[in-house]
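Q: When you get a sec, could you give me coordinates for this:
(one chain, ligands or ions: 1)
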Amino acid sequence: MIDLRSDTVTKPTREMRQAAFDAPVGDDVYNEDPTLIELEETAAQMLGKEAAMFVPSGTQGNQIAVLTHCQPGEEIILEADSHIFFYEGASISAFAGVQPRTINGENGTMDPKAIEAALRVDDIHQPETSLICLENTHNRAGGAIVPLENMKEIYQLASSQHIPVHLDGARIFNASVATGISVKEYATYTDSVQFCLSKGLGAPVGSIIAGTKEFIKKARKWRKRLGGGLRQAGIIAAPGLVALQTMVDRLEEDHTNASLLATGLGEIEGLTVENSVDTNIVLINTEKAGLSANAFLDRLKEQGVLAVPFGPNTVRFTTHFDVSTDEVKTAIERAKNCLV
Ligand SMILES: *Cc1c(COP(=O)(O)O)cnc(C)c1O
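A: Numbering: from 1, shown residues only. Now for the predicted structure:
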């Protein structure tokens, strides 16, 4: 099987497994796990933030950010196809008690004017706008890169209104490697950031959230409340450190493979490429082949290729560390067999 469902399927490298084996550990609820502390300090430094905290998943990281920034009864602005709105089981409402206000973006990028128009005013009828969430790269927009300039404009608008900005940067390292803009520069235009260690970076578990010391102090309490206070977590933090040290630059290979895949699949009669393929995600439309996404996926699976449905006629392919260039070429050949 050539598994292009997600970059979350990457398995930890040998070096990560060894690092987990060797990691010095302690009880992290007492702040005594040296490996976890090293991971958090390294991540904070990379992002140019005062402090960082390890969390078990990206979803929990985003939820903790919303819980930390907001009070129940407030409203948060986010992109209509964002992961927080689309894929997190309405937990912003279930747990943080906030109301989502969605803005339709273009390739995942929101127009600052649309955000400005959506800001609430001081009025007894209205909730307060208490957070703006950005996503970069944008998953449902096909790994699209949100331009730094756009983030800056939104951040300046938000700051002028004393509204914090949270970045769901699950794949911010993909954006950084593709543009050459450091994650620190991206993080400049945010108050808090979440990124995933467990996607293209290949670690088995975990995400980081980062922000000011005060933000992380409150966030630690939310993590504990949610049952996310971990004990000898150095075992899972050690692979995360290896990921940051060894797996960032190679994301470029995933991007090259995604371009190759898009070109190859786009040349197949009946398939069209929907997205601009900025990073490691390719969205393929199957409508002209007269196939639903699921029908195409069934045929692909019979051929030994896995991907995921992303709409009635849209299939998402994600390249990653465990799929080589040769396997991408093979996947293209196998896709051809699905349409004859
Ligand atoms: C995967 C993803 C998340 C959530 O990460 P998990 O670790 O799977 O919970 C959040 N945001 C985006 C954009 C993602 O792609």
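
Q: how about the strands in the stretch 101-250 of the chain?
A: Taking DSSP state E, counting those that start in this stretch, the strands of the stretch 101-250 of the chain run over residues 129-135, 165-168, 192-196, 207-211.

Q: Check which helices and strands the shortest one sits against.
A: By that I understand strand 165-168. When contacts are defined as 3 or more CB pairs under 8 Å, 6 or more residues apart in numbering; DSSP states H and E, strand 165-168 packs onto helix 58-69, strand 129-135, helix 148-160, strand 192-196. Using the backbone N, CA and C atoms, a C-beta is placed for each residue, glycine as well.

Q: And the strands of the stretch 101-250 of the chain: which comes nearest Pro12?
A: strand 192-196 (14.0 Å; CB to CB).

Q: which residues sit against that closest one?
A: 43, 47, 49, 55, 58, 61-62, 65, 68-69, 164-173, 183, 186-187, 206-211, 215 (CB atoms under 8 Å, 6 or more residues apart in numbering).

Q: got a pLDDT number for the closest residue to Thr256 other than its chain neighbours?
A: Distances taken as CB to CB, 6 or more residues apart in numbering put Thr325 closest to Thr256, at 7.6 Å, once the chain neighbours are dropped. According to the prediction, Thr325 has pLDDT 98.

Q: hang on, isn't Thr325 packed against Ser259?
A: No: Thr325 is beyond contact range of Ser259, at 10.8 Å (criterion: CB atoms under 8 Å).

Q: Counting neighbours, go ahead and name the busier of these two.
A: Neighbour totals were compared for Thr325 and Ser259, and Ser259 leads with 17 against 13 (other CB atoms under 10 Å).

Q: now that one: how far from the ligand?
A: With distances taken as CB to the nearest ligand atom, to the nearest Å, Ser259 is found 20 Å from the ligand.

Q: CA atoms only for the helix or strand that residue falls within - export them in CSV, please.
A: Using DSSP states H and E, Ser259 maps to helix 251-266. Output of helix 251-266 as CSV, limited to C-alpha atoms (Å, rounded to 0.1, in the frame of the first residue of the first chain):
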residue,chain,number,x,y,z
LEU,A,251,9.8,18.8,4.1
GLU,A,252,11.1,20.2,0.8
GLU,A,253,11.1,16.7,-0.6
ASP,A,254,7.5,16.2,0.3
HIS,A,255,6.7,19.4,-1.5
THR,A,256,8.6,18.3,-4.6
ASN,A,257,6.8,14.9,-4.5
ALA,A,258,3.4,16.7,-4.2
SER,A,259,4.2,18.8,-7.3
LEU,A,260,5.2,15.6,-9.1
LEU,A,261,2.0,13.9,-8.0
ALA,A,262,-0.2,16.8,-9.1
THR,A,263,1.4,17.0,-12.5
GLY,A,264,1.1,13.2,-13.0
LEU,A,265,-2.5,13.0,-11.8
GLY,A,266,-3.6,16.1,-13.6
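
Q: That helix: which residues count as buried?
A: Neighbour-count burial for helix 251-266, counted by 16 or more other CB atoms under 10 Å, picks out 251, 253-255, 257-262, 264-266.

Q: ok, the residue lying closest to Arg334 once chain neighbours are set aside to Asp254 distance?
A: Using CB to CB, 6+ apart and skipping the chain neighbours, the partner closest in space to Arg334 is Gln303 (3.9 Å). Gln303 sits 22 Å away from Asp254, going by CB to CB, to the nearest Å.

Q: And for Ala335, the neighbour number?
A: Neighbour number of Ala335 under other CB under 10 Å is 23.

Q: which SS class is it?
A: Following DSSP: H, G, I helix; E, B strand; the rest coil, Ala335 is assigned to helix.

Q: which residues touch it?
A: Counting by CB under 8 Å, 6+ apart, Ala335 touches Gly264, Leu265, Ile268, Leu271, Leu300, Gln303, Val305.

Q: same check, this time on Gly58
A: Residues near Gly58 by CB under 8 Å, 6+ apart: His83, Asp168, Ala170, Gln194, Phe195, Cys196, Ser198, Ser207.

Q: ok, 10 Å please
A: 8, 83-84, 87-88, 168-171, 194-199, 206-209 (CB atoms under 10 Å, 6 or more residues apart in numbering).

Q: Then Asp3?
A: Val9, Thr10, Gly304, Val305, Leu306, Ala307, Thr318, His320, Asp322, Val323, Glu327, Ala331 are the contacts of Asp3 under CB under 10 Å, 6+ apart.

Q: repeat that with 6 Å
A: By CB atoms under 6 Å, 6 or more residues apart in numbering, the residues touching Asp3 are Val9, Leu306.

Q: Retrieve the pLDDT associated with it.
A: Listed pLDDT for Asp3 reads 98.

Q: Equivalent analysis for Val340, please.
A: For Val340, the pLDDT comes out at 77.

Q: what does Val242 give?
A: Per-residue confidence at Val242 stands at 98 (pLDDT).

Q: Count the neighbours of it for me.
A: Val242 has 24 nearby residues by other CB under 10 Å.
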